[in-house]
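In: Fold the following and give me the result.
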Amino acid sequence: MNASMLSYILFSCLLLSVQAEYCGVREIIRYTERLLADSSVSCPCRQTAVSSCSCLPIPERGHELACFVNGTKLLLENNKSSNPVITRLYWTFQALLDRNLCKRLAHGDQCQYETKGNVMEFLKTILTTYQEINK
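Out: Presented below is the predicted three-dimensional model:
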């Protein structure tokens, strides 16, 4: 095996190890802060409400990604004007879950939660989760 082949293999391994812990922290924090500043995505959480937008899953520890996928999907379905920021968040969470990229959050693809919250509570949960990773 020549030196260039060895360096290529080492570089590939390095890329894979970096990619294996990619959580999209900065972009998710940026998108979430933008949504929190936008009052048009807020709707009240009433457990008896017919609209599924009203209550979004607040995930149990270790089930964040699956719940973030479910919650952003509900936001997309219930947000009449398609919001590109919500769309980006949804696809980012879906990719992280599908590829098992963020080991700190993905402990399965099932969303487990005990409580639900309104859109703002859901977004604040995303923000605090990713700020903890960013520390």
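In: quick one: contacts for the spatially most central residue of the chain?
Out: Centroid-nearest residue in the chain: residue 93, 3.9 Å away (criterion: Cα atoms, centre = their mean). By Cβ atoms under 8 Å, 6 or more residues apart in numbering, the contact set of residue 93 is 28, 65, 68, 69, 72. The way it works is simple: take the backbone N, C-alpha and C, and place the C-beta from them, glycine included.
In: at 6 Å instead, please
Out: Counting by Cβ atoms under 6 Å, 6 or more residues apart in numbering, residue 93 touches 65, 68, 69, 72.
In: ditto for residue 29
Out: Contacts for residue 29 (Cβ under 6 Å, 6+ apart) come out as residue 130.
In: how about it, secondary structure?
Out: helix (DSSP: H, G, I helix; E, B strand; the rest coil).
In: ok, back up a step: if you average the pLDDT over whichever strand or helix holds the residue nearest to the centre of the chain, what comes out?
Out: When elements are assigned from DSSP states H and E, residue 93 belongs to helix 84-98. Regarding helix 84-98, the rounded mean pLDDT is 92.
In: returning to that earlier point: now the two most distant members of the contacts of residue 93.
Out: Checked with Cβ to Cβ, the contacts of residue 93 reach their widest spread between 65 and 72, with 10.7 Å between them.
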